[in-house]
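In: Sequence first, predicted coordinates after that:
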Amino acid sequence: MKLIVKDKDLSQLYQSVQWSGDKRQRARSLSASYLYKKGSGIPEVEVHEGDAIALYDEENNQKFVGVVIRVESSLSGVSVQINAIDILWYLGRNKVAKVYKGTADAILKAVCGEFNIAVGVFPVIPEERTVISTGEKTIHQVISEAYGDGYYIYADGAAVSVGTEGSEVVAVISGEGNLLDAKYTSSMENMVNRILILDDNGNITGNVQNEDDLVYGLLQDTYKKEKDKDADREAKGKLKRCENTCSLECLGNWDCVSGKAVYILDASNGMLGKYIITDDTHTFSDGIHKMKLGVEAVMVE
């Protein structure tokens, strides 16, 4: 593993590195602690906020590129803590005021173009969309609304890309191989199994529901029709099923990042099949790469 800040190599100085992401959040982040003490004989490498930072795997493939946003040190300490974030940080900090119309990819290119942000790869969806922001939505929110559920935004180097959740299986995780520990949770606390669709006057014009989940009792919410939006589609997006989650601790795999999928083979807990990674934290310390993964225990067809 190699860690570079501007033209400075911290690969022989770092004590630990954490590289993480969450598909429900905006950006991937990196935090690192490296040795630094004036007059100690240790190479004195200074890092400043705003510095470019990059992380490479053992085969020199770039896995993260971003900007340092925080530097911490102390008079008595012998190390410096740095925190960095990728380009999606800017997508969550800049708000827009505009009506965007067109396909999802056209909206992606339009809103990124306004801020001179490069666009990488993306799915093409023929359906026309309308996203309205009166100043309250960020770039990230506009792109998310244009694509809808089932897609995630990620940084591809210095470009912004969109992927289909779970479309790429990157690893097989099993107790006989790389699985170190696992925690499983099943909950119906946030379930919503029926949505009433209301017009501007509050009159019920229809409903959508998950028939199978009505066995748990009726758990109802409402959706008020919005201009230029498909009411059924928006209402279905508010339905929530049982939440089956799992937290895994495994030997590290660079490819296991949020939005990708893994096959889990753990017959002892019934975890057999394909699961989407919802969040990931990779830790590098003492030459060992470990990771913690959150996954959605829902099979992806």
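Out: Right, received. Where do you want to start? On a predicted model such as this, the values are computed, not experimentally measured, just so you know. Numbering: from 1, shown residues only.
In: Going along the chain, name the helices of the stretch 1-150 of the chain.
Out: 88-93, 104-113, 139-147 (DSSP state H, counting those that start in this stretch).
In: among the ones you listed, which is the most enclosed?
Out: helix 139-147 (a mean of 22; mean count of other C-beta atoms under 10 Å). All C-beta spots, glycine's among them, are computed from the backbone N, C-alpha and C.
In: picking that back up, could you dump the helices of the stretch 1-150 of the chain to TSV with mean pLDDT and distance to residue 179?
Out: Formatted as TSV, the helices of the stretch 1-150 of the chain follow (pLDDT from 0 to 100; distance: least, C-beta to C-beta, whole Å):
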stretch	mean pLDDT	distance to residue 179
helix 88-93	93	29
helix 104-113	97	36
helix 139-147	96	32
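In: Would you reformat these as a markdown table and include distance to residue 250?
Out: Converted to a markdown table, these look like this (distance: least, C-beta to C-beta, whole Å):
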| stretch | distance to residue 250 |
| --- | --- |
| helix 88-93 | 25 |
| helix 104-113 | 33 |
| helix 139-147 | 29 |
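In: Could you work out the end-to-end span of stretch 164-183 for me?
Out: End-to-end distance for stretch 164-183: 26 Å, by C-alpha to C-alpha, to the nearest Å.
In: elements contacting the biggest strand by length in the chain?
Out: Under DSSP state E, the strand in the chain containing the largest number of residues is strand 271-285. Contacts defined by 3 or more C-beta pairs under 8 Å, 6 or more residues apart in numbering; DSSP states H and E place strand 271-285 against strand 14-22, strand 243-251, strand 261-266, strand 288-296.
In: 6 Å - rerun?
Out: strand 14-22, strand 261-266, strand 288-296 (3 or more C-beta pairs under 6 Å, 6 or more residues apart in numbering; DSSP states H and E).
In: Redo the ones you listed as a markdown table? Include distance to residue 220, mean pLDDT and mean neighbour count.
Out: As requested, those are exported to a markdown table (distance: least, C-beta to C-beta, whole Å; pLDDT from 0 to 100; neighbours: other C-beta atoms under 10 Å):
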| stretch | distance to residue 220 | mean pLDDT | mean neighbour count |
| --- | --- | --- | --- |
| strand 14-22 | 30 | 94 | 19 |
| strand 261-266 | 32 | 88 | 19 |
| strand 288-296 | 24 | 93 | 19 |
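In: Which one, of those strands, ends up nearest to residue 125?
Out: When the helices and strands packed on strand 271-285 are compared by C-beta to C-beta, strand 261-266 sits nearest residue 125, at 20.2 Å.
In: What distance do you get for residue 154 to residue 165?
Out: Going from residue 154 to residue 165 by C-beta to C-beta, to the nearest Å gives 11 Å.
In: Quickly list the domain ranges of the chain.
Out: 2-86, 90-164, 169-187+243-296, 194-236 (automatic domain parsing).
In: and residue 248, how many neighbours does it have?
Out: Neighbourhood size, residue 248 [other C-beta atoms under 10 Å]: 25.
In: again with residue 61
Out: Applying other C-beta under 10 Å, I find that residue 61 has 9 neighbouring residues.
In: Excluding covalently adjacent residues, which one is nearest to it?
Out: The shortest distance from residue 61 to any residue other than its chain neighbours is 7.8 Å, reached at residue 254 (C-beta to C-beta, 6 or more residues apart in numbering).
In: Settle it for me: which of residue 154 and residue 165 has more neighbours?
Out: residue 154 (23 against 19).
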